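Asks: Quick one: sequence plus predicted model below, questions after.
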There are 2 protein chains.
Amino acid sequence: MDSGSTAGPVPADQRNVRRHNLGLVMRSISVTGWSTRARLATATGLTKATVSSLAGELIEAGLLTESGAQAKGATGRPGSVLEVNRQGHAGIGLEINVDYVAACVTDLGHRVRYHRVECVDNRTEHTASLNRLARMASAALRAAEEFELTPQGIAVAVPGIVEPERGRLLRAPNLDWTDLPIVDLLAERLGLAPTEIWLDNEANLAALGVLWFAGGSAWGDFVYVSSEIGVGAGIVTDGQMYRGARGFAGEIGHVSIDPSGEPCGCGGRGCIERYCGQEAILRSAGLPTDTATSTGNPDGPVTELLAALEREEQRAVRAVRRAGEALGVGLANVINVIDPDTVVLGGIFTPLAPWLVEPLTAALAGQAIAAPWSPPRVAVSSLGPEAAVRGAAGLVIEQMLSDPARITRSGQGLGNNRHV
Amino acid sequence: MDSGSTAGPVPADQRNVRRHNLGLVMRSISVTGWSTRARLATATGLTKATVSSLAGELIEAGLLTESGAQAKGATGRPGSVLEVNRQGHAGIGLEINVDYVAACVTDLGHRVRYHRVECVDNRTEHTASLNRLARMASAALRAAEEFELTPQGIAVAVPGIVEPERGRLLRAPNLDWTDLPIVDLLAERLGLAPTEIWLDNEANLAALGVLWFAGGSAWGDFVYVSSEIGVGAGIVTDGQMYRGARGFAGEIGHVSIDPSGEPCGCGGRGCIERYCGQEAILRSAGLPTDTATSTGNPDGPVTELLAALEREEQRAVRAVRRAGEALGVGLANVINVIDPDTVVLGGIFTPLAPWLVEPLTAALAGQAIAAPWSPPRVAVSSLGPEAAVRGAAGLVIEQMLSDPARITRSGQGLGNNRHV
DNA sequence: GCCGCTTAGTTCGGCAGCCTAACGAAGATG
DNA sequence: CATCTTCGTTAGGCTGCCGAACTAAGCGGC
């Protein structure tokens, strides 16, 4: 939860150079999985001498491991292999959503080592939900310990509008929660410092999850759109999340595609959510909309919808096609404004994609201004509803990758600040 | 036109530190107008020793001037005043728009030293327009020389979609120009290297113009929306332009507010431009839409519209109010997606603001999701149609401010590369 | 008018961190 | 076993920031 933001202009000195280059080496290894000092030198543009020094520091900090020599056979001395240390640090991701709570543990190699989901309706008193979340967090921390991983932070995804600097949830319409200092409440329950816990919007973190865990870097700048109970989007530019001035960016669910349309709970009319939200699709398909145990639940109404689609029931197919069309119209507007390379569909859009994509693409082609000579790419996330928790855990991991110096300096592991 | 973009990850060394700190000092002086070494040290967080060294280099490069001592009277030795050098380097801005061509010269202090507009219809063969533009550029260069300013670059604003890296105009619907290598064509006519000329979208540069020449830094992240013949927007985040993956960001004119609305030339339906463009407003006000000599022309139809509004003619007032409402509905969607602090109105919206803002604000309040607890601010640019040329000239200036090292190193002034 | 006080700017030595160059290490090849 | 190639380390040099000491310049008190 450390601000990390631009606290005004700041002078640079050699430490910045070091920090930058440590991150550079870490990143470079992270994308290819492994490397050697010589390879790193050519990949990063640094000299062998400097890479040696940087690598030494990263190994010291437990971020890299040196694992024997490179496969022999080639001419010349074989390099010694450097890998991201998968036995060292870890990130913890948590998620509260309308109808489930989830936790996961990820190692520095972006491997998911632990993952739990509990289906439960959180549209009630928030205390119970937070207690449950704290229990799951504790379990995840214990699991990490069993794997001999030292967690370096916790990130929490929530389906609402957030003030990341202060760790507050401002408003979650679909949970009916308002103005909750989630980071503080959770820190207290876990006995951790609030600076060790981050909070962000579910769609934003899901976008990052897709970026880091589903090959999203190949998509360039992209908009991740997902539907669960609500419809949200996360915008990724230049490998970074675009959060907007106050962190409200990506509220695509309440983009209007028909100003004279049906009124929405947000006060507006004709919001995308009214056409493409889970409930809207189910209703228009003539299926029950009992969302209490839907998304994560194999017996939920989404499963029923999928079954109906498989059976080619016309009402279901038409409902999904209409949703795709509406989404396309709304997304075209988004594309005209932010010009992404790709649109990525997630959440329940992932399983619905076979029926959704064609009408969506058609609508995009009609309205997106750049469409004629560079039509927007449409991709489907393979993560489905897991994207957000993974993104949360990934956030912690990525902080280590891009600023390894933090670990180099600070004491190791979560919760150590208590004793200072 | 130098790419400057991220050519992959790049190693950092002490030179980066120097570059950063040179920029820091330059920026710091630029915002306050003047400073002293001691003040700079506290303002930037650098030490006096370092600031001294940096200032020396900047003076050497002609970016700063040292002008006598600070006003006496206070206790202690008075500092010696450092100012941005207004007699040194300059930026040249050019603009081609539908019904005029403009040029301006700006000094390092963001002062406009020269400004010319010629009203002319450019919706014809582009050769004539480019010839005219080159003539105006030459005149501006001569003017700079007369002021003893050395131009460091030229930036060109065009009303269309652009590939900034290659300096090509891809498509300008309102000019009916397609795929023109404007930078190359202009460089040839002026005998300059293409790397000394930048090209960008008119709305983007206008947004920067507003940021740098009309106190826009107080607005935080903002969306600048202007209407001339078309309706365009520029998005400024963190003091920088948001260009999107391919530079098409901000094409707000073709955001749709009614998917069953009137068809638009872009292929879509119900585009904002059909409601808030200059022609649309004039037509719905029952005025002639002869745009050949409108925006820059005191006898043009916009002047007539303003006169009608002053006379409180109902048809004109209703037309503008309807435009404001439509713009509000469209902007609400934009705000929900990119969450700016402020919306800034420019172009012909500037004079229309007294009649436009109220219905616009009302529409925003109804549909923007964050409106209830932090309503979007609406501001009006004082620059009107001059914003884009100024932004273009400012772009050159800002490059010098944020990376003074470029000048420190390179030969002085435009066109010197010819002789290398 | 001299002396001390305060603030400004410079000089100098120290240190971090990158670079170049040279060198030892480890395997392949003949 | 000598030679070749590539890898990684070590030593020395340079850039650039910092801290501290020093000089500069104005003010005010006696």
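Replies: Structure received. Numbering: from 1, shown residues only, chains lettered A, B, ... in the order given.
Asks: Point me to the residue of chain A nearest DNA strand D.
Replies: A:Gly76 (2.1 Å; Cβ to the nearest atom of the strand). Bear in mind the C-beta positions are built from the backbone N, C-alpha and C, glycine included.
Asks: burial measure for the residue in the stretch 201-350 of chain A that DNA strand C sits nearest to, as a count.
Replies: DNA strand C sits closest to A:Gly239 of the stretch 201-350 of chain A, with a gap of 21.5 Å, by Cβ to the nearest atom of the strand. Per other Cβ atoms under 10 Å in any protein chain shown, the neighbour tally for A:Gly239 reads 16.
Asks: if I pick A:Leu199, what's in contact with it?
Replies: Applying Cβ atoms under 8 Å, 6 or more residues apart in numbering or on different chains to A:Leu199 gives the contacts A:Met1, A:Ala155, A:Val156, A:Val158, A:Val162, A:Pro164, A:Gly167, A:Arg168, A:Leu169, A:Ile182, A:Val183.
Asks: rewinding a little: check the residue of the stretch 201-350 of chain A closest to DNA strand C and give its pLDDT.
Replies: A:Gly239 is assigned a predicted lDDT (pLDDT) of 90.
Asks: Spit out the contact partners of it.
Replies: A:Gly239 makes contact with A:Leu211, A:Ser217, according to Cβ under 8 Å, 6+ apart.
Asks: let's see it at 6 Å
Replies: Going by Cβ atoms under 6 Å, 6 or more residues apart in numbering or on different chains, A:Gly239 touches no other residue.
Asks: for the stretch 101-250 of chain A, what spans make up the strands?
Replies: Using DSSP state E, counting those that start in this stretch, the strands of the stretch 101-250 of chain A run over A:112-119, A:150-158, A:161-163, A:168-172, A:177-180, A:197-201, A:222-227, A:231-237, A:240-242.
Asks: quick one: the longest one to strand A:197-201, angle?
Replies: Counting by axes from the mean of the first three to the mean of the last three Cα atoms, to 10 degrees, strand A:150-158 points 30 degrees away from the direction of strand A:197-201.
Asks: which intervals of chain A have sub-threshold pLDDT?
Replies: For chain A, the stretches with pLDDT under 70 are A:1-8, A:290-299, A:369-373, A:408-412, A:416-420.
Asks: now the helices for it?
Replies: Applying DSSP state H to chain A gives helices spanning A:14-32, A:37-44, A:48-60, A:126-146, A:182-190, A:202-213, A:273-276, A:278-284, A:301-310, A:314-338, A:349-367, A:387-402, A:405-409.
Asks: by how many degrees do the second one and helix A:48-60 diverge?
Replies: Translated: helix A:37-44. Orientation check (the same axes, to 10 degrees): helix A:37-44 against helix A:48-60 gives 110 degrees.
Asks: swap in the first one?
Replies: An angle of 80 degrees separates the directions of helix A:14-32 and helix A:48-60 when computed by the same axes, to 10 degrees.
Asks: tell me what helix A:14-32 is packed against?
Replies: For helix A:14-32, the packing partners by 3 or more Cβ pairs under 6 Å, 6 or more residues apart in numbering or on different chains; DSSP states H and E come out as helix A:37-44, helix A:48-60, helix A:387-402.
Asks: ok so, going back, now, of the strands of the stretch 101-250 of chain A, which is deepest in the fold?
Replies: Comparing the strands of the stretch 101-250 of chain A by mean neighbour count (mean count of other Cβ atoms under 10 Å in any protein chain shown), strand A:222-227 ranks first with a mean of 30.
Asks: Residues in contact with that strand: which ones?
Replies: So strand A:222-227 is contacted by A:206-207, A:210, A:233-236, A:276-278, A:340, A:342-349 (Cβ under 6 Å, 6+ apart).
Asks: on that earlier part again, and the contacts of A:Leu199 as a markdown table, adding distance to DNA strand D?
Replies: Shown next, in a markdown table, are the contacts of A:Leu199 (distance: Cβ to the nearest atom of the strand, whole Å):
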| residue | distance to DNA strand D |
| --- | --- |
| A:Met1 | 27 |
| A:Ala155 | 32 |
| A:Val156 | 36 |
| A:Val158 | 39 |
| A:Val162 | 34 |
| A:Pro164 | 29 |
| A:Gly167 | 31 |
| A:Arg168 | 34 |
| A:Leu169 | 38 |
| A:Ile182 | 37 |
| A:Val183 | 32 |
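Asks: Quick check: the farthest pair among those?
Replies: A:Ala155 and A:Arg168 (14.9 Å; Cβ to Cβ).
Asks: Can you give the domain ranges for chain A?
Replies: Domain assignment for chain A, taken from automatic domain parsing, gives A:14-84, A:89-206+A:387-419, A:215-382.
Asks: before we move on, back to that, just the buried residues of the contacts of strand A:222-227.
Replies: By neighbour count, with 16 or more other Cβ atoms under 10 Å in any protein chain shown, the contacts of strand A:222-227 hold A:206-207, A:210, A:233-236, A:276-278, A:340, A:342-349 as buried.
Asks: Quick one: name the residues of chain A near chain B.
Replies: Chain A comes close to chain B at residues A:9, A:11-12, A:17, A:20-21, A:24, A:44-46, A:220-221, A:244-246, A:248-249, A:251, A:254-257, A:259, A:266, A:268, A:329, A:333-334, A:336-341, A:367, A:369-370, as judged by Cβ under 6 Å from any Cβ of the partner chain.
Asks: just checking: which of those residues also lie near DNA strand D?
Replies: Here is what survives when the residues of chain A next to chain B are matched to DNA strand D using Cβ under 7 Å from any atom of the strand: A:Pro11, A:Ala12.
Asks: still on that earlier bit, dump the residue contacts of the residue of chain A closest to DNA strand D.
Replies: Counting by Cβ under 6 Å, 6+ apart, A:Gly76 has no contacts.
Asks: hang on, the earlier thing: would you reformat the contacts of A:Leu199 as CSV and include distance to B:Asp200?
Replies: Below are those laid out as CSV (distance: Cβ to Cβ, whole Å):
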residue, distance to B:Asp200
A:Met1, 37
A:Ala155, 37
A:Val156, 40
A:Val158, 38
A:Val162, 34
A:Pro164, 32
A:Gly167, 39
A:Arg168, 38
A:Leu169, 39
A:Ile182, 42
A:Val183, 41
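Asks: Which of these sits closest to DNA strand C?
Replies: Of all those, A:Met1 has the smallest distance to DNA strand C: 25.8 Å, by Cβ to the nearest atom of the strand.
Asks: Residue of the stretch 301-420 of chain A nearest DNA strand C, please.
Replies: Of all residues in the stretch 301-420 of chain A, the one sitting closest to DNA strand C is A:Ala405 (8.2 Å; Cβ to the nearest atom of the strand).
Asks: Any figure for the gap between the closest residue to that residue other than its chain neighbours and DNA strand C?
Replies: Leaving aside its sequence neighbours, A:Ala405 sits nearest to A:Arg19 (Cβ to Cβ, 6 or more residues apart in numbering or on different chains; 4.6 Å). Relative to DNA strand C, A:Arg19 is positioned 8 Å away (Cβ to the nearest atom of the strand, to the nearest Å).
Asks: Tell me how many other residues crowd the residue nearest to A:Val231 when sequence neighbours are not counted.
Replies: Closest residue to A:Val231 apart from its sequence neighbours, by Cβ to Cβ, 6+ apart: A:Gly253 at 3.7 Å. Applying other Cβ under 10 Å, we find 27 residues neighbouring A:Gly253.
Asks: these two touch, right, A:Gly253 and A:Arg274?
Replies: No. Using Cβ atoms under 6 Å, A:Gly253 is not in contact with A:Arg274, being 9.0 Å away.
Asks: A:Ser284 touches A:Val317, doesn't it?
Replies: No. Counting by Cβ under 6 Å, A:Ser284 does not reach A:Val317; the two are 11.2 Å apart.
Asks: Test my guess that A:Pro151 contacts A:Ala90.
Replies: Yes. A:Pro151 is within contact range of A:Ala90, at 4.9 Å (criterion: Cβ under 6 Å).
Asks: okay, and the common contacts of those two?
Replies: Common neighbours of A:Pro151 and A:Ala90 (criterion: Cβ under 6 Å, 6+ apart): A:Ala144.
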